[in-house]
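# No letters, just coordinates:
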């Protein structure tokens, strides 16, 4: 069963939601039958990367409230993240447009490394205070995932996967996604936001039950004969 996750690298609740979903999946009986696909979303596509601006000031500017209030909100989110075993360092976070990061993630997805790319990008932004719009930074992160260096450099130096990012965003708009994280399970159920563990547990169970009914395992009327098996003698 497929689970599609729309997310933005600079969304603090997306990293928290990732951890909570992972915890739910780890305890799910049929976790080996779940396929996860990460999809791009941009909270602020017009954002100009600016390493000189404080993240609290940026939040205050776009939301229209004081810097102190922005700092209080970020402190609250930092505690939420800590409860999930994550370390947020908003004092080091660099305000950056996430479009190039999403392009790198799409390259990683083609290599079966989509989840690893999301993890690396989240950690780079929220924990390490790295510029996720910087080509050298993205190249280093991609190489750390095992992506071929030349393909990685060529991708980041071009507009490759730009259409894929835009397609994900357009698809989210079509589906009525208003914010992230947004989890779609079997194209029938959705979880919006970094919900608590029971919500993910219940939704996984309901979605998988439906998926099993829609995709029953084949049964055969078998005529037996001499055979060999992996755990038996021939």
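Cool, got the structure. Model, not experiment: these values are computed from the prediction.

# And the worst-scoring helix or strand of the chain on mean pLDDT, what's buried?
Lowest by mean pLDDT, DSSP states H and E among the helices and strands of the chain is helix 55-63, with a mean of 93. For helix 55-63, the neighbour count (16 or more other C-beta atoms under 10 Å) marks 55-56, 58-60 as buried. Placement of C-beta: from N, CA and C, glycine included.

# Between the residues you listed, which sits nearest residue 159?
Residue 159 lies nearest to residue 58 out of those, by C-beta to C-beta, at 26.0 Å.

# still on that earlier bit, so which of the buried residues of helix 55-63 is the closest to residue 127?
Among the buried residues of helix 55-63, and counting by C-beta to C-beta, the member closest to residue 127 is residue 55, at 13.3 Å.

# who touches the least confident helix or strand of the chain?
44, 50, 66-67, 69-71, 73-74, 90-91, 93-95 (C-beta atoms under 8 Å, 6 or more residues apart in numbering).

# Now a PyMOL select for only the buried ones of those residues.
Only the buried entries of these go into this PyMOL selection, using 16+ other C-beta under 10 Å:
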select buried, resi 70+71+73+74+90+93+94+95
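
# got the contacts of helix 55-63 as JSON lines, with secondary structure columns?
JSON lines is the format used below for those (DSSP: H, G, I helix; E, B strand; the rest coil):
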{"residue": "44", "secondary structure": "coil"}
{"residue": "50", "secondary structure": "strand"}
{"residue": "66", "secondary structure": "coil"}
{"residue": "67", "secondary structure": "helix"}
{"residue": "69", "secondary structure": "helix"}
{"residue": "70", "secondary structure": "helix"}
{"residue": "71", "secondary structure": "helix"}
{"residue": "73", "secondary structure": "helix"}
{"residue": "74", "secondary structure": "helix"}
{"residue": "90", "secondary structure": "coil"}
{"residue": "91", "secondary structure": "coil"}
{"residue": "93", "secondary structure": "coil"}
{"residue": "94", "secondary structure": "coil"}
{"residue": "95", "secondary structure": "strand"}
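
# first to last residue in stretch 183-200, what's the distance?
Using C-alpha to C-alpha, to the nearest Å, the span of stretch 183-200 from its first residue to its last is 9 Å.

# okay, now residue 85: neighbour count?
Applying other C-beta atoms under 10 Å, we find 8 residues neighbouring residue 85.

# so it makes contact with residue 18?
No. In this structure, residue 85 is not within contact of residue 18 by C-beta atoms under 8 Å, at 11.4 Å.

# ok so, going back, I'd like to know which of the contacts of helix 55-63 is nearest to residue 179.
Closest to residue 179, out of all of these and judged by C-beta to C-beta, is residue 44, at 12.2 Å.

# Isn't residue 171 up against residue 39?
Yes. Using C-beta under 8 Å, residue 171 is in contact with residue 39, at 7.1 Å.

# so how far is residue 143 from the closest residue to residue 93 other than its chain neighbours?
In this structure, residue 93 finds its nearest non-sequential neighbour in residue 55, 4.4 Å apart by C-beta to C-beta, 6 or more residues apart in numbering. From residue 55 over to residue 143 the distance is 27 Å, taken as C-beta to C-beta, to the nearest Å.

# How about residue 224?
In terms of C-beta to C-beta, residue 224 sits 53 Å off from residue 143.

# So which of the two has more stuff around it?
Set residue 224 next to residue 143 and count neighbours by other C-beta under 10 Å: residue 143 wins out with 13 against 5.

# From residue 164, how far out is that one?
21 Å.

# just residue 104 next, same as before
11 Å.

# Which one of these two is surrounded by more residues?
A direct count of neighbours by other C-beta under 10 Å for residue 104 and residue 164 places residue 104 higher, at 27 against 18.
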